[in-house]
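# can you look at this prediction? I've put the sequence above it.
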Amino acid sequence: MAAAVLKRELEILLVEDNAADAKLLTMLLDELHFAGHLHRVVDGVEAMDYLLQRGDYSHTPRPDAIILDLNLPRKNGREVLKEVRSHPDLKYIPVFIVTSASRDDDLMKEDKLGSTYFFTKPKDLGGYENMVRTLATVEFALLR
């Protein structure tokens, strides 16, 4: 009899200051039966503390992927991504950029920030569902 292969649950860090967007993303992941842990921080300073396991985050797991909003208080998402990409222990973590600013499209398409994937925040529920389905069923599956 073959031994069962155990897959560990994914650890995802959500860096999102908008509570409604975070709640919607969480709700849609739950509806898709996403089998992982979603940890949320609300600004770029907290994100770096979490990623570097500093202060209140000293015992947090290293995430398998990061969902990063670009428009954040205290330290914006571009600064966070730059730090992640320049840190030897963090630079290989896939980053999924989600932003409402359409003016970021050209910047992200040029991949100047070294992002893994880029999504413009949808304007309707159907768009959110499609985005989350892509995150949960296609991209996160590649991380397993």
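Structure received. Residues are numbered from 1 along each chain as shown.
# which residues in this structure form strands?
Assigned by DSSP state E, the chain shows strands spanning 10-15, 36-41, 65-69, 95-99, 117-120.
# which of these sits most buried?
strand 65-69 (a mean of 24; mean count of other Cβ atoms under 10 Å). In short, each C-beta sits where N, CA and C put it, glycine included.
# how close does the closest residue in space to residue 83 that isn't next to it in sequence sit to residue 133?
The shortest distance from residue 83 to any non-neighbouring residue, by Cβ to Cβ, 6 or more residues apart in numbering, is to residue 48 (6.0 Å). For residue 48, the distance to residue 133 (Cβ to Cβ, to the nearest Å) stands at 29 Å.
# thought the residue nearest to residue 83 was touching residue 80?
Yes. Shown here, residue 48 and residue 80 form a contact pair, counting by Cβ atoms under 8 Å, at 6.3 Å.
# so for those two, which residue has more residues nearby?
Ranked by neighbour count (other Cβ atoms under 10 Å), residue 48 and residue 80 place residue 80 first, with 26 against 21.
# ok, the nearest residue to the more buried one once chain neighbours are set aside - contacts?
Distance criterion Cβ to Cβ, 6+ apart; nearest residue to residue 80, sequence neighbours excluded, is residue 44 at 4.5 Å. Taking Cβ atoms under 8 Å, 6 or more residues apart in numbering as the criterion, residue 44 is in contact with 15, 72, 73, 74, 75, 76, 77, 79, 80.
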